[in-house]
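1. mind looking at a prediction? Sequence and model below.
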Amino acid sequence: RTTSDLSLLNLDAIELVQGDMTDSESLSRAAKGVDWVFHSAAPVDDWVSREVFWKVNVDGTRMLLEACRKQSLSRFVFLSSINVYGLHPKPNTNEESPYVGKHHPYCETKIEAEKMLLDAFEKERFPVTILRPANIWGPTANAWTIRPVQRLLRNEVRLIDGGSGTI
């Protein structure tokens, strides 16, 4: 994104290219001549519509895949999510576990994108690696667990009975 803070990246070691996940021409330009693609674009706000999740996570991944098929990629790394195993994965979940994340459009669309990429690997040996991390943390993390606390500290949340726990 053009609004991203890139100050923490070592830009001497990589070349950064940007594309719009909803614009196939933009993705074709971004993929031209690259060796590796790290696809980490996805809406992470719970309040976006199912259509937005689908447009970025499935349609966008399909357009990026098509753009990358025209290149001589060494590797396409797709950042998926542990939520393909559901919102509350079981303790022994591993990469052989079945998809069960059908309760939220984020999970559903990550599953669909994975299936598409795995199909490309199986049919044409497309060089894909899929990562399924849990939460991603870093110096600028703004996870959903932080936002409610920040809102409480700014007095943006009304508490029943002043927060005393009694009504």
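-> That came through, no problem.

2. my guess is Leu73 contacts Val34. True?
-> Yes: between Leu73 and Val34 there is a contact under Cβ atoms under 8 Å: 7.1 Å. For glycine as for every other residue, the C-beta is placed from the backbone atoms N, C-alpha and C.

3. next, work out how far apart Ile82 and Ser4 are.
-> 23 Å (Cβ to Cβ, to the nearest Å).

4. ok, Leu16 - contacts?
-> Contacts here follow Cβ atoms under 8 Å, 6 or more residues apart in numbering; on that basis Leu16 touches Leu6, Leu9.

5. helix or strand: which one has it?
-> Taking DSSP states H and E as the criterion, Leu16 maps to no regular element, lying outside all helices and strands.

6. and what of Glu108?
-> Assigned by DSSP H and E, Glu108 falls in helix 105-124.

7. pLDDT of that helix, averaged?
-> Model confidence over helix 105-124, given as mean pLDDT, is 96.

8. output the contacting helices and strands for it.
-> In terms of contacts (3 or more Cβ pairs under 8 Å, 6 or more residues apart in numbering; DSSP states H and E), helix 105-124 is packed against helix 50-53, helix 61-69, strand 75-79, strand 128-131.

9. ok, back up a step: mind checking which of Ile82 and Ser4 has more residues around it?
-> A count of neighbours by other Cβ atoms under 10 Å puts Ile82 above the other of Ile82 and Ser4, at 17 against 10.

10. separation between the more buried one and Leu9?
-> When Cβ to Cβ is applied, the distance between Ile82 and Leu9 equals 24 Å.

11. all set now, cheers.
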